[in-house]
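[1] Mind folding the following:
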Amino acid sequence: QVQLVESGGGTVQAGDSLRLSCAASGRTFNRYAMGWFRQAPGKEREYVAAISWSGGTTYYASSVKGRFTISRDNAKNTLYLQMDSLKPEDTAVYYCGAESSSRVTITIRRADYDSWGQGTQVTVSS
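    Okay, here's the model as predicted:
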């Protein structure tokens, strides 16, 4: 497993932007499929975005497509989520996940991820 630490959450107003970061341990970060998920109170953890090993392929949930951008810096072992045009319905705890067994290059399936960060709270007020 991999240690993951998220940062960058906070409280903002609708229409604002935030950038989340996720620092990962391990010497083979460039072979981890990575993703962002979120969990609102009383709801299941849901997929937000996923990125391939090289960063060349990205997938987004329909609810965030066009507003959020996932990226990674393999030299810094860091995953990012740029969130623009935030809406109150984006309020949740955001988690980064890693599939560190190198079985897949990219995945949106929560069950494929073997490591999770502690989460960072994002609150968007109207």
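[2] Go ahead and flag the most central residue of the protein.
    For the chain, residue 36 is the residue whose C-alpha lies nearest the centre (Cα atoms, centre = their mean; 2.1 Å).
[3] I figured it hits residue 70, correct?
    Yes: using Cβ atoms under 8 Å, residue 36 makes contact with residue 70 at a distance of 6.2 Å. Any C-beta I mention is one placed from the backbone N, CA and C, and that applies to glycine too.
[4] So for those two, which residues contact both of them?
    49-50, 79, 81 (Cβ atoms under 8 Å, 6 or more residues apart in numbering).
[5] Please tell me I have it right and residue 55 contacts residue 72.
    Yes: between residue 55 and residue 72 there is a contact at 4.9 Å, judged by Cβ under 8 Å.
[6] from what I can see residue 93 touches residue 36, true?
    No: assessed by Cβ under 8 Å, residue 93 is found out of contact with residue 36, at 11.3 Å.
[7] about what we covered before: work out the sheet partners of whichever strand or helix holds the residue nearest to the centre of the chain and label each with its direction, please.
    Taking DSSP states H and E as the criterion, residue 36 maps to strand 33-39. If you go by DSSP bridges, strand 33-39 pairs up with strand 46-51 (antiparallel), strand 92-99 (antiparallel).
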